[in-house]
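> fold the following for me, if possible:
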Amino acid sequence: MVASLMPTSHAAATDNIGNAEANETPTAIFGTPELGANDPLWGQTLEHHINKSTVPTDPRPHATGTARILWDHDYLYARIVVNDSNLYQGAGADHRYDSLEFYVGAGTGGSNQWRVSSTGVFSGQAAPGRAAWTQITETGYIVEMRIPKRNLTFEEGKLTFEVYINNSTENGGDRYEVVSSFGVPDTAYTSSDSFTDGLQLIPANELDTRLSITATAGPGGSIMSNPPGDVLRVDRGSNKEITFAPDYGKIVDTVAVDGESVTLSAGTYTFTNIEADHTIHVTFKNDPDAGILPFIVWNDNFASGEYTTAVIIDLGEGKSALGSALNPDLFALSARNTTLNGEAVTFEGPRKITRVYANDEPKVRGYVGPISHSQIIRTDWRAVVTSLLSLSFIQRAAAVQRWMAAVTRQIRSTLLSKRVRSY
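Here you go, the predicted structure:
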């Protein structure tokens, strides 16, 4: 059974665009928003209700939402506001957790499926340019998603498109409801028949005169206040200061604007009197004053894709550190191309460290072994860990070999840090 759920708050909002044109063909206007910035373009495109439930008579709390959609020639953009009173706020790595699914173009077997959890963890399809901003709210969550066109052509006319809300309990891993906007809920994975050509891509009523700065950073740092997707939207004729933030143990190496090297002033670069789109890219290098130290990243708490149980540091023979001075807040850890059981990439980005300590053997203090839902991980790169501590000890190859031979579920990498006192 499928039925529509209409929250009172939605029914009462008769003065918004979505309700004023509720009976018209679903549309999306042309425009490029800045993700996570409450972009004014969202208010210009039609609002669509997400309220067709697979289990309308289930006594458990139902999820509902609204969708606003934009497009340009490279991406489809969606802003989804979800009402969910029993929200799971963990990572949520697949459809069993509170999440959104977007089906773009025809396809079967998930070939057209893009998924992001309420906390921003991607699954489903992956392609360069995919990005999302998420926010937990008092009544649920908000997602702004950017979906690459891949082999599709985005142009005025009809597009096959659907959005689902996956609804689980606050415990996660137990999805009991799927809610759709355009077609029959929980059928899109196998067929797009119920929403084929269901969305009309149309031109904007008002010309957006803003320009774009695409600001990207290489490994070892970031650009401060950069939005997801790395595209800043700025007013014509305005100025924009770009500030770089190297990780601990790193410094700025090069900065290129529109492909040409530039000189920084006090660690920043400022675009002035902007009259065209621009690009800026920064790279980072090792701080020559940083030391290199072997370490182990222990990932037996990988279940939801974002937690690392421990960073274990090999200080080297005869060396020691003050344990009370080591804490997770001093470290940053990120991962790329990380998979579960060798499947598609399920996690890229920062990980939460639960513990950090020095040890003279490859052993986790406390519990050892997987917890509930933990899975085997594989990765084809080196995790990057940096620290506020200054651990200027000599790297010991023999120690690394000893540790790597004993630990089977770990990522080897390099710890870069500034200075530390040894005790």
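
> look up the closest residue to Ala106, ignoring the ones flanking it.
Leaving aside its sequence neighbours, Ala106 sits nearest to Ser192 (CB to CB, 6 or more residues apart in numbering; 4.8 Å). From N, CA and C alone the C-beta is placed, and that goes for glycine too.

> so when I look at Leu41, I'm seeing a strand, right?
No: under DSSP: H, G, I helix; E, B strand; the rest coil, Leu41 falls outside any strand and is assigned helix.

> Gly31 is in contact with that one, correct?
Yes: using CB atoms under 8 Å, Leu41 is in contact with Gly31, at 4.2 Å.

> what is in contact with those two at once?
Counting by CB atoms under 8 Å, 6 or more residues apart in numbering, the contacts common to Leu41 and Gly31 are Leu70, Ala204, Asp208.

> residues contacting the last one?
Residues counted as contacts of Asp208 (CB under 8 Å, 6+ apart) are Gly31, Thr32, Leu41.

> let's see 7 Å
Gly31, Leu41 (CB atoms under 7 Å, 6 or more residues apart in numbering).

> where's it, which helix or strand?
Asp208 belongs to no helix or strand when assigned by DSSP states H and E.

> kindly check the end-to-end length of stretch 80-93 for me.
Stretch 80-93 has an end-to-end distance of 19 Å (criterion: CA to CA, to the nearest Å).

> count of residues packed around the residue lying closest to Gly198 once chain neighbours are set aside?
In this structure, Gly198 finds its nearest non-sequential neighbour in Phe182, 4.3 Å apart by CB to CB, 6+ apart. Around Phe182 there are 22 other residues, counting by other CB atoms under 10 Å.

> what of the one 3 residues further on?
Using other CB under 10 Å, Pro185 has 22 neighbouring residues.

> what do you get for Thr137?
Using other CB under 10 Å, Thr137 has 13 neighbouring residues.

> repeat for Gly229
Gly229 - counted by other CB under 10 Å - has 22 other residues nearby.

> repeat that for the one 4 residues further on.
Counted by other CB under 10 Å, the residues lying close to Arg233 total 19.

> give me the nearest residue to Val55, chain neighbours excluded.
Glu177 (5.2 Å).

> kindly apply the preceding question to Asn166 instead.
Closest to Asn166 by CB to CB, 6+ apart is Ser99, at 4.7 Å.

> so the residue nearest to Val184 when sequence neighbours are not counted, which state does it fall into?
Distances taken as CB to CB, 6+ apart place Ser194 nearest to Val184, at 4.2 Å, with adjacent residues excluded. Three-state assignment for Ser194 (three-state DSSP): helix.

> I'd say Ser194 and Pro185 touch.
No: here Ser194 lies out of contact with Pro185, judged by CB atoms under 7 Å, at a distance of 9.0 Å.

> next, count neighbours for the residue nearest to Val184.
The burial count for Ser194: 16, using other CB under 10 Å.

> what residues sit buried inside stretch 210-218?
Of all the residues in stretch 210-218, those buried under the rule 16 or more other CB atoms under 10 Å are Arg210, Leu211, Ser212, Ile213, Ala215, Ala217.

> closest one of those to Gly90?
Ala217 (27.6 Å; CB to CB).

> rewinding a little: from the buried residues of stretch 210-218, which land in helices?
Among the buried residues of stretch 210-218, no member is found in helices (DSSP state H).

> save those as JSON lines, and put in pLDDT and distance to Gly92 too.
Below are the buried residues of stretch 210-218 laid out as JSON lines (pLDDT from 0 to 100; distance: CB to CB, whole Å):
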{"residue": "Arg210", "pLDDT": "97", "distance to Gly92": "33"}
{"residue": "Leu211", "pLDDT": "96", "distance to Gly92": "36"}
{"residue": "Ser212", "pLDDT": "96", "distance to Gly92": "31"}
{"residue": "Ile213", "pLDDT": "97", "distance to Gly92": "32"}
{"residue": "Ala215", "pLDDT": "96", "distance to Gly92": "29"}
{"residue": "Ala217", "pLDDT": "94", "distance to Gly92": "27"}
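
> before we move on, the earlier item: who's in contact with the residue nearest to Val184?
Counting by CB under 7 Å, 6+ apart, Ser194 makes contact with Gly183, Val184, Thr187.

> repeat for Arg146
Contact analysis of Arg146 by CB under 7 Å, 6+ apart lists Leu35, Tyr75, Tyr77, Gly129, Arg130, Ala131, Ala132, Gly229.

> could you redo the last one with a cut-off of 10 Å?
When contacts are counted by CB atoms under 10 Å, 6 or more residues apart in numbering, Arg146 touches 32-33, 35, 70, 72, 74-78, 114, 129-133, 228-229, 231.

> report the secondary structure state of it.
strand.

> now for the residue lying closest to it once chain neighbours are set aside, how many residues are close by?
Residue nearest to Arg146 in three dimensions, not counting chain neighbours: Ala131, with 4.4 Å by CB to CB, 6+ apart. By other CB under 10 Å, the residues close to Ala131 number 21.

> follow-up on the earlier one: Gly107 is in contact with the residue nearest to Ala106, correct?
Yes: contact criterion CB atoms under 10 Å: Ser192 and Gly107 qualify, at 6.4 Å.

> neighbour count winner among the two?
Ser192 (22 against 17).

> so where's this protein uncertain?
By pLDDT under 70, the low-scoring segments of the chain are 1-23, 291-316, 319-321, 330-352, 357-423.

> break down it into its helices, ranges please.
8-12, 17-20, 397-406.

> pull up the overlap in contacts between Ser192 and Gly107.
In contact with both Ser192 and Gly107: Thr160, using CB under 10 Å, 6+ apart.

> can you pull out the strands in the stretch 151-300 of the chain?
157-159, 161-167, 177-180, 199-202, 211-217, 221-223, 231-234, 240-246, 250-257, 260-261, 268-271, 278-286, 291-298 (DSSP state E, counting those that start in this stretch).
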